[in-house]
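Q: give me a model of this one.
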Amino acid sequence: MPKDNQDIKQIKELIEIMKENDLVEVNIEHGDNKLCLKRASAHAMTGMPFMGMPMPPQSINGSAQGVSDSASAADDGLIDIPSPIVGTFYEAPSPDSNHYVEIGTHVSPSSVVCIIEAMKVMNEIKAEVSGTIARILVSNGQAVEFGQPLFKVKPN
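A: Modelled structure (predicted):
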């Protein structure tokens, strides 16, 4: 915790340095004191009203950001479920729980397909489409970006 206004001023200066250099995380240790500053990347903040606040997916039509036309054509009409936020992907609510979905699982728009942890908040991600999970594109514990495809769904 900051002890006085000078500490707060130094923390604000560190935040400005992070912004200027597009740093996502800074860890500082000085003796017994530890300071960890984290922020969403500049790429992640695009289209987000406030850092860490999830936005609904902009598009769920098989041609999400980063997917080439040839890759989309090879997927034979499969629909992407993209990540609505930057964070860490988890396939189950806890390490000893069953996965939310597996290949062959039928999903509806309200089905929870995974959790993405962002800024220590566990965000349940819903399918937003109806169909059957055809491919899982990320692994448990993997960092994901905004708009990155997480699953491929064969629509009903």
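Q: centre of the chain to stretch 121-130, how far?
A: Average the C-alpha atoms of stretch 121-130, do the same for its chain, and the two points are 11 Å apart (C-alpha atoms, centre = their mean, to the nearest Å).
Q: quick one: the helices in the protein, in order.
A: Under the criterion DSSP state H, the chain carries helices at the ranges 5-20, 42-45, 69-74.
Q: among these, which gets the worst mean confidence?
A: Set side by side, the helices of the chain differ in mean pLDDT, and helix 42-45 is lowest with a mean of 44.
Q: output the lowest mean pLDDT helix or strand found in the protein.
A: Counting by mean pLDDT, DSSP states H and E, the chain has its least confident helix or strand at helix 42-45, which shows a mean of 44.
Q: look at the residue lying closest to Ile81 once chain neighbours are set aside and say how many residues are nearby.
A: With sequence-adjacent residues excluded and distances taken as C-beta to C-beta, 6 or more residues apart in numbering, Ile81 is closest to Phe151, at 4.3 Å. For every residue, glycine as well, the C-beta is placed using N, CA and C. Other residues near Phe151 come to 26 when the count uses other C-beta atoms under 10 Å.
Q: would you confirm that Phe151 contacts Val129?
A: No: counting by C-beta atoms under 8 Å, Phe151 does not reach Val129; the two are 9.4 Å apart.
Q: what sits in contact with each of these two?
A: With contacts defined as C-beta atoms under 8 Å, 6 or more residues apart in numbering, the residues shared by Phe151 and Val129 are Ile81.
Q: this completes my enquiry, with thanks.
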